[in-house]
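In: got a predicted structure plus its sequence, pasted below:
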Amino acid sequence: MSEIEKIKSEYIEKLNNCTNPDNLNQIKTELFGKNGAITNQFKFIGSKSENDKKKFASQINDLKNLLQEKLDQVSKKIEIDEINKKLETEQVDVTLPERTFRKGKIHPVSQVIDEICSIFSEVGFSVAEGPDVENEYNNFTALNTPPNHPARDMHDTFYLSDDKNLLLRTHTSPVQIRTMLKGKPPFKIIAPGRTYRCDSDQTHTPMFHQLEGLHIDKDINMGHLKGCLNYFIKEFFEVKKLKMRFRPSHFPFTEPSVEVDIGYDLKDGEIVIGEGNKWLEILGCGMVHPNVLINSKVDPSKYQGFAFGIGIDRLAMLKYGIKDLRSFFECNYKWLNHYGFDPIDVPTNYRGLSR
Ligand code: DAH
C-alpha cells in the first residue's frame, strides 16, 4: 500500500470516529499542521523524478481535497449534534407554573382604571383617550367656559405658553370635545387619564387621575344617567345595595348639573360603602349643555346625553383603604408591594374585580 493510501484509510477512519471538536482539531493539525501528514507529502514532490512529479502532485492534491471535505462534513455534524444536545438539556417548559419570579406589582391606580374599564365595557362604553397637553379651547372654551368665566380660576391651571394657549389639561372633560369632533353620534365613551392642577396638600397632588364619561344619543335623559352611575358604583364597590342621592350643583358644561353622594357607615374606623346615614361626595355629572354639543358639531335638537367626571385616586383610596393620597406618587417599593396587585389577575366583572 502506498503512503498516500495509508494516510487516506487511516484518516478516513479517524474522521468517521470523531465526535468532539477537540478531537477534530487534533486531526486537523495531524493532517495540515506544519508537520502534518499532508503537508509532509507536499515536501516530497521535489524529490520525485520529472515523470512521477505530476502524477504524485495530483494524487496528494486529490487526497488533500478529499480529507478537507470530509473534515468539513464532520465539523458540521459535530456542530449540529452540540446544538441538539443543548436544546435537549437546556429546554425550558414555558407551560410550567412559575414560582420565584412573580415580583412586579400593578399600582392600585392602574388596577382601579382596569376595573373601571371592565365595568363600563360590560354596558357598551368604549375607552377614549386624549393628550395631557391640551389647548385652551378644548379644555375650557368648547366646554362652555369662555375667557373670564369664574370657573377658570378654580382650576389652578399649569399654562405651558405665554399666550395661555397650551396647558396641562385640568380635567378629562376635553376628551368629550375631541371624541365628538372626531366622530358622529351616538357616542358612548369613558376616558380615564392624568390631569393636572397647581395644588398640593394632604388631599391634593399636582398630578391626579380622573375618569370622564359621555353618553350622547337620541332620547337620553337623567334616568339613564342615574341608572348608569348606580350600576357602576355598585359594581365598583362590589355591594348589592347602594344609597345614592343627586344634589343640585353647577358645572359650565352641563345643565342641569348635579353632584352625587353615596351612603356609608363607619365600622371600627373603616368606611363601609352602601348604607348608613352618612354621605360621601363621589362625582360630578349632568346633562351635556347644548353649547358643548354645538361646539362639538353635534345638533342639540336631535341629540342629547349625559356626562360625568370622577376622581380615580379617591375611588382607589376608598376601595382599598389607602389613607394618604401622596403615597400613590412616592414610588415606594415597599408600599407598592403591599398595596399592589398581581399582574396576572386582570380584573373582570365575571371573575371578580379585586380578588
Ligand atoms: N370636569 C369636572 C372637574 O374636573 C368634573 C365633571 C363634572 C365632569 C361634571 C363632567 C361633568 O363631565 O358632567 O371638576
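Out: Good, I have the coordinates.

In: show me the domain layout of the chain.
Out: Following automatic domain parsing, one gets these domains for the chain: 3-89, 108-351.

In: select, out of those, the one closest to the ligand.
Out: Within the domains of the chain, the stretch nearest the ligand is domain 108-351; the backing value is 2.4 Å (CB to the nearest ligand atom). Every residue, glycine included, has its C-beta placed from N, CA and C.

In: gap between the closest one and the chain center?
Out: Here the centre of domain 108-351 is set off from its chain's centre by 22 Å, with CA atoms, centre = their mean, to the nearest Å.

In: hmm, that domain touching the ligand?
Out: Yes. For domain 108-351, a contact with the ligand is found by CB under 6 Å from any ligand atom, at 171, 173, 212, 251, 254, 284-286, 307-309.

In: just the buried residues of stretch 29-41, please?
Out: Within stretch 29-41, the residues that count as buried by 16 or more other CB atoms under 10 Å are 30-31, 36-38, 41.

In: and the residues of domain 108-351 next to the ligand, which are buried?
Out: Buried among the residues of domain 108-351 next to the ligand (16+ other CB under 10 Å): 171, 173, 212, 251, 254, 284-286, 307-309.

In: which residues are contacting stretch 14-23?
Out: Stretch 14-23 has contacts (CB atoms under 8 Å, 6 or more residues apart in numbering) with 24, 27, 67, 70-71, 74-75, 78, 81-82.

In: just the residues you listed now: which is nearest Arg178?
Out: Glu82 (58.3 Å; CB to CB).

In: for that closest one, which non-adjacent residue is closest in space?
Out: Leaving aside its chain neighbours, Glu82 sits nearest to Pro21 (7.8 Å; criterion: CB to CB, 6 or more residues apart in numbering).

In: partner strands of the strand or helix carrying Gly305 and their direction?
Out: In this assignment (DSSP states H and E), Gly305 forms part of strand 304-311. In the sheet, strand 304-311 lines up against strand 207-217 (antiparallel), strand 278-288 (antiparallel) (DSSP bridges).

In: how about CSV for those strands, with mean pLDDT added?
Out: CSV is the format used below for the strands paired with strand 304-311 (pLDDT from 0 to 100):
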stretch, mean pLDDT
strand 207-217, 97
strand 278-288, 94
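
In: winner for burial among these?
Out: strand 207-217 (a mean of 22; mean count of other CB atoms under 10 Å).

In: mind listing what Thr179 touches?
Out: If you count contacts by CB under 8 Å, 6+ apart, Thr179 has them with 128, 187, 189, 191, 214.

In: what ranges of this protein fall below the confidence cut-off?
Out: 100-102, 349-355 (pLDDT under 70).

In: for it, what's the longest strand?
Out: Looking across the chain with DSSP state E, the single longest strand is strand 254-267.

In: what's that one in contact with?
Out: Counting by CB under 8 Å, 6+ apart, 222, 229, 233, 242-251, 271-290, 306-308 sit against strand 254-267.

In: list the buried residues in that strand.
Out: Result for strand 254-267 [16+ other CB under 10 Å]: buried residues 254, 257-264.

In: can you get me a residue count around the spatially closest residue to Met180 that is not a sequence neighbour?
Out: Distances taken as CB to CB, 6+ apart put Ser296 closest to Met180, at 3.5 Å, once the chain neighbours are dropped. The number of residues packed near Ser296 is 24, by other CB atoms under 10 Å.

In: likewise for Gly193?
Out: Gly193 - counted by other CB under 10 Å - has 20 other residues nearby.
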